[in-house]
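**Student:** predicted coordinates and the sequence they were generated for:
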2 protein chains.
Amino acid sequence: MKELVFGHKNPDTDAIVAAKAYAFLQNALGNEVEAVALGTPNEETKFVLEHFEEPAPRVIEKATPEVEAVMLVDHNEEQQSVADIADVTVTHVVDHHRIANFATAAPLYYHAEPVGCTSTIIYGEFVQNNVEIPAKLAGLMLSAIVSDTLLFKSPTTTAKDEAAAKALAKIANVDLEAYGLEMLKAGTNLASKTEEELITADAKSFDMGGKTVRVDQVNTVDLDEVFAREAALRAAIEKQSATEGYDLFLLMVTNILDSNTRLLVVGEPKEMVEKAFEKELVADKVDLPGVVSRKKQIVPQLEAAFNA
Amino acid sequence: MKELVFGHKNPDTDAIVAAKAYAFLQNALGNEVEAVALGTPNEETKFVLEHFEEPAPRVIEKATPEVEAVMLVDHNEEQQSVADIADVTVTHVVDHHRIANFATAAPLYYHAEPVGCTSTIIYGEFVQNNVEIPAKLAGLMLSAIVSDTLLFKSPTTTAKDEAAAKALAKIANVDLEAYGLEMLKAGTNLASKTEEELITADAKSFDMGGKTVRVDQVNTVDLDEVFAREAALRAAIEKQSATEGYDLFLLMVTNILDSNTRLLVVGEPKEMVEKAFEKELVADKVDLPGVVSRKKQIVPQLEAAFNA
């Protein structure tokens, strides 16, 4: 019986690529699996797909009635997944995030590792199953690793991520440093984007202490360029929070060249942000040197503050 | 930093053995991990530990303040875990059950497969990491697989379970059939148990159509030996059902030699049992040839009858 595999809503490069890679692996293992996506590729992912001449996956709104069973990559929390996730059986998950808001009625295959990128874990599954990775797919997979680890500068990076990326670069015949930087810069073309797009493209929702917390990340090579638009960004966040019911919205603006983040905080309770990072907000903003990872350096700290 | 690894409360052979096996693997990989247990070994597990001259793991009530981080094997649901599970970080899970009532604040290692036994999955991790399994540990691990799969007769058994058990039997130099049967028989020493113990040791509750249905399983090599105590068992069930509020109580008495179950049914609505298995109860009993698995051969059928 055919299954679909997909990454999270607002897909980033890993969400798109991991689905394609896992579909390839599953088909090689004899299962009928199609990679789809819960949204269109962002600027960086478009660059990656064009570079390796690969098509974007079909976008779905619902998994039913097309299939009864699905595989999730690069996410597990239901609010990040397909709208009708409760109506299908999840048979496989490959992920590198915390586990939350996830439950099944039956046993399943679940492979999570605390590494920088889902594609690193999937690379391991290719090796373990002795399935050869085509050059184009290797190029996509190393792009996902470069994207998630910001070229190995994020603290989420592990030795496994670097080793996988290097092995994939060999297969794809790509200069990792040169290509990686070009790719990351392609993803930071912010001038062409509306504020609405900036606060939506890489945003995720979390339930913390009964509040809906939204955390968005924008990568840039120039913080000032982004904060020149602060008033408009704030207005867009307030509007979206009212419509979508977000209580607290954190906009992470991350400089990928020096690995620092400036946070813009809208909504309440703001004191949770101050508690989480032990720093005062000044005009709803705070600089977090060395912070580049939502998953490792923002979400757990915030959660600890809410639970304290 | 040292971590503890343990299986679920009311430990069975897999819960005890998987903890020992995973501790061994983690130590071989350079991590300081001690196997402990959330209860004392049952009759079967005692036989296994004595047979391979291995000590029972230390029993803990709480994980803190001894450690800050733990690894779970053979379970993930918090009500099956250590009392203070909410106060520690779960870094690893290896399991073969559904995922429910489980959440973490940070990414972790999680390896679940829909196979018959956790020790089968851990065997795979030894192979993958090229870590040699000592003969004694191989004996324990094959015992866990025999226990969970009832010597491959349970419908939860997969090809992976059989292959792992055979490979382990070679390492342990054990005759799988002869030893497996001896071990299963050792677990069926029912004479020493009270009726209260028999109806409690392996019982689980289910909500079906607004009724609380309790299903207990007792393994034996002699149905008559158990049913000689029918009046006392029935009295114990009636007493417990009144105290605990069970509407319908099914006692599965399973002959592990020929893989048949005789059901004793106490409470109402009894007609749901007749509907589920399309057989009439005679003096509140019914024989179910080939039935050994509560999870696969009793609960879904009963649930379908209640929902029809």
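**Tutor:** Looks like it came in fine.

**Student:** what number of residues lie near whichever residue of the stretch 151-300 of chain A sits closest to chain B?
**Tutor:** As assessed by CB to the nearest CB, chain B sits closest to A:Pro300 within the stretch 151-300 of chain A, at 5.0 Å. Just so you know, the C-beta spots here come from the backbone N, C-alpha and C atoms, and that holds for glycine as well. When counting by other CB atoms under 10 Å in any protein chain shown, one arrives at 17 neighbours for A:Pro300.

**Student:** what mean pLDDT does whichever helix or strand it is part of get?
**Tutor:** Using DSSP states H and E, A:Pro300 maps to helix A:299-307. Helix A:299-307 comes out with an average pLDDT of 94.

**Student:** now stretch A:112-119
**Tutor:** On average, stretch A:112-119 scores 98.

**Student:** first to last residue in that stretch, what's the distance?
**Tutor:** Using CA to CA, to the nearest Å, the span of stretch A:112-119 from its first residue to its last is 11 Å.

**Student:** give me the contacts around it.
**Tutor:** A:7, A:14-15, A:17-18, A:21, A:73-74, A:76, A:93-97, A:99, A:120-121, A:124, A:140-142, A:144-145, A:147-149, A:154, A:156-158, A:160-161, A:164, B:91, B:106-111 (CB atoms under 8 Å, 6 or more residues apart in numbering or on different chains).

**Student:** for stretch A:290-308, same thing?
**Tutor:** Counting by CB under 8 Å, 6+ apart, A:97-98, A:150, A:153-156, A:204, A:206, A:208-209, A:211, A:213, A:215, A:217, A:250, A:252, A:254, A:256, A:259-261, A:272-273, A:275-277, A:288, B:105-107 sit against stretch A:290-308.

**Student:** so which of the residues you listed belong to helices?
**Tutor:** A:272-273, A:275-277 (DSSP state H).

**Student:** mind putting those residues in TSV, pLDDT included?
**Tutor:** Converted to TSV, the ones in helices among the contacts of stretch A:290-308 look like this (pLDDT from 0 to 100):
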residue	pLDDT
A:Met272	97
A:Val273	97
A:Lys275	97
A:Ala276	97
A:Phe277	97
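
**Student:** partners of the strand of greatest length in chain A in the sheet?
**Tutor:** Counting residues, the longest strand in chain A under DSSP state E turns out to be strand A:211-220. Strand pairing for strand A:211-220, using DSSP bridges, gives strand A:203-208 (antiparallel), strand A:248-255 (parallel).

**Student:** who's in contact with that strand?
**Tutor:** Strand A:211-220 has contacts (CB under 8 Å, 6+ apart) with A:150, A:184, A:187-188, A:190, A:198-207, A:226, A:241, A:244-256, A:269, A:294, A:298-299, A:302, A:306.

**Student:** the helix or strand bottoming out on mean pLDDT in chain A: how far from the chain's middle?
**Tutor:** Every helix and strand of chain A was ranked by mean pLDDT, DSSP states H and E. The lowest is helix A:294-297, at a mean of 90. Centroid separation for helix A:294-297 versus its chain: 11 Å, with CA atoms, centre = their mean, to the nearest Å.

**Student:** got the CA coordinates for that helix in PDB?
**Tutor:** What follows is helix A:294-297, C-alpha atoms only, in PDB (Å, rounded to 0.1, in the frame of the first residue of the first chain):
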ATOM      1  CA  ARG A 294      16.200  27.500  17.800                       C
ATOM      2  CA  LYS A 295      16.200  23.900  18.800                       C
ATOM      3  CA  LYS A 296      19.200  23.900  21.100                       C
ATOM      4  CA  GLN A 297      19.600  27.500  22.300                       C
END
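
**Student:** could I get the buried residue list for that helix?
**Tutor:** By 16 or more other CB atoms under 10 Å in any protein chain shown, the buried positions in helix A:294-297 come out as A:294-297.

**Student:** tally up the residues packed near A:Gly245, please.
**Tutor:** 10.

**Student:** could you find the closest non-adjacent residue to it?
**Tutor:** Distances taken as CB to CB, 6 or more residues apart in numbering or on different chains put A:Thr212 closest to A:Gly245, at 5.9 Å, once the chain neighbours are dropped.

**Student:** and the one you found, how far is that from A:Glu244?
**Tutor:** 8 Å (CB to CB, to the nearest Å).

**Student:** of these two, which one has the most company?
**Tutor:** A:Thr212 (17 against 13).

**Student:** separation between the more buried one and A:Ile237?
**Tutor:** On the measure of CB to CB, A:Thr212 and A:Ile237 end up 13 Å apart.

**Student:** residue ranges of the helices in chain A, please?
**Tutor:** Under DSSP H, chain A gives helices at A:13-28, A:43-51, A:118-128, A:135-149, A:159-172, A:176-186, A:195-198, A:223-227, A:230-244, A:271-277, A:294-297, A:299-307.

**Student:** contact partners for A:Tyr22?
**Tutor:** A:5, A:33, A:35, A:71, A:73, A:92, A:94, A:122.

**Student:** could you rerun that using 6 Å?
**Tutor:** Neighbouring residues of A:Tyr22 by CB atoms under 6 Å, 6 or more residues apart in numbering or on different chains: A:5, A:73, A:122.

**Student:** how many other residues sit next to the last one?
**Tutor:** Other residues within reach of A:Ile122, judged by other CB under 10 Å, total 28.

**Student:** list the contacts for it?
**Tutor:** Shown in contact with A:Ile122 (CB under 6 Å, 6+ apart): A:18, A:21-22, A:94.

**Student:** got it, and A:Val59?
**Tutor:** A:Val59 makes contacts with A:Ala37, as judged by CB under 6 Å, 6+ apart.

**Student:** which of the contacts of A:Ile122 tops the neighbour count?
**Tutor:** Among the contacts of A:Ile122, A:Ala18 has the most neighbours (other CB under 10 Å), with 34 neighbours.

**Student:** these two touch, right, that residue and A:Met71?
**Tutor:** No. Assessed by CB atoms under 6 Å, A:Ala18 is found out of contact with A:Met71, at 10.2 Å.

**Student:** gap between the longest strand of chain A and the chain center?
**Tutor:** The chain centre lies 11 Å from the centre of strand A:211-220; the measure is CA atoms, centre = their mean.
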